[in-house]
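[1] no sequence on this one, just coordinates:
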């Protein structure tokens with residue numbers, strides 16, 4: 001019973017390797033073994049590519065986080081140069097709003113940092 005593995009077989013999944021076929025060392029077994037080896041190589045390469053993409057994404061997210069934190073600090077520390085001795089009510093409201101927005105951005109970045117730390121330990125390490 002000899003048959004080569006076809007594209008249709010791969011769509012449906014690889015057939016299991018049988019121990020008895022191994023002992024007989026038939027051409028069918030060798031073809032099946034070769035198909036399994038090719039699939040393992042393809043899967044291994046896909047996992048390596050996935051890990052690389054995730055690492056690139058994490059690096060980009062860290063760079064975004066730095067930029068967001070810089071903006072956050074500028075918003076929190078924003079001050080109007082006032083003409084006269086006191087700021088107007090509008091200036092006080094605007095400065096307060098910018099400060100609060102800066103705090104919200106900072107809180108979001110704290111959560112992003114936690115997520116990125118977990119991504120490395122819980123996603124990349126097991127795949128590698």
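    Looks like it came in fine. Worth saying up front: this structure is predicted, and the values here are computed from it rather than measured. Numbers count the residues shown, from 1 in each chain.
[2] going by C-alpha atoms from here, please, whenever you check contacts or count neighbours.
    Will do.
[3] helices of the protein, start to end?
    7-12, 19-24, 27-76, 89-119, 125-127 (DSSP state H).
[4] packing partners of the longest one?
    In terms of contact count using 3 or more Cα pairs under 8 Å, 6 or more residues apart in numbering; DSSP states H and E, helix 27-76 is assigned the packing partners helix 89-119.
[5] and the pLDDT for residue 4?
    Looking at residue 4, its pLDDT stands at 46.
[6] please name the nearest non-neighbouring residue to the residue nearest the centre of the chain.
    Centroid-nearest residue in the chain: residue 54, 3.7 Å away (criterion: Cα atoms, centre = their mean). The spatially closest residue to residue 54, leaving aside those adjacent along the chain, is residue 124, at 7.6 Å (Cα to Cα, 6 or more residues apart in numbering).
[7] what sits against residue 112?
    Residue 112 sits next to residue 65 when contact means Cα atoms under 8 Å, 6 or more residues apart in numbering.
[8] same deal with residue 60?
    The neighbourhood of residue 60, defined by Cα under 8 Å, 6+ apart, contains no residues.
[9] residue 116 versus that one, what's the distance?
    Using Cα to Cα, to the nearest Å, we find residue 60 at a distance of 11 Å from residue 116.
[10] and for residue 89?
    Separation of residue 89 from residue 116 (Cα to Cα): 41 Å.
[11] which one of the helices of the chain lies closest to residue 83?
    helix 89-119 (11.2 Å; Cα to Cα).
[12] so how far is that closest one off the chain centroid?
    Taking Cα atoms, centre = their mean, to the nearest Å, the mean C-alpha location of helix 89-119 is offset from the chain mean by 23 Å.
[13] and what of stretch 107-123?
    Average the C-alpha atoms of stretch 107-123, do the same for its chain, and the two points are 11 Å apart (Cα atoms, centre = their mean).
[14] same deal with stretch 78-97?
    Between the mean C-alpha location of stretch 78-97 and the chain-wide mean there is a distance of 42 Å, by Cα atoms, centre = their mean.
[15] over to stretch 36-48?
    In this view, stretch 36-48 has its centroid 20 Å away from the chain centroid, taken as Cα atoms, centre = their mean.
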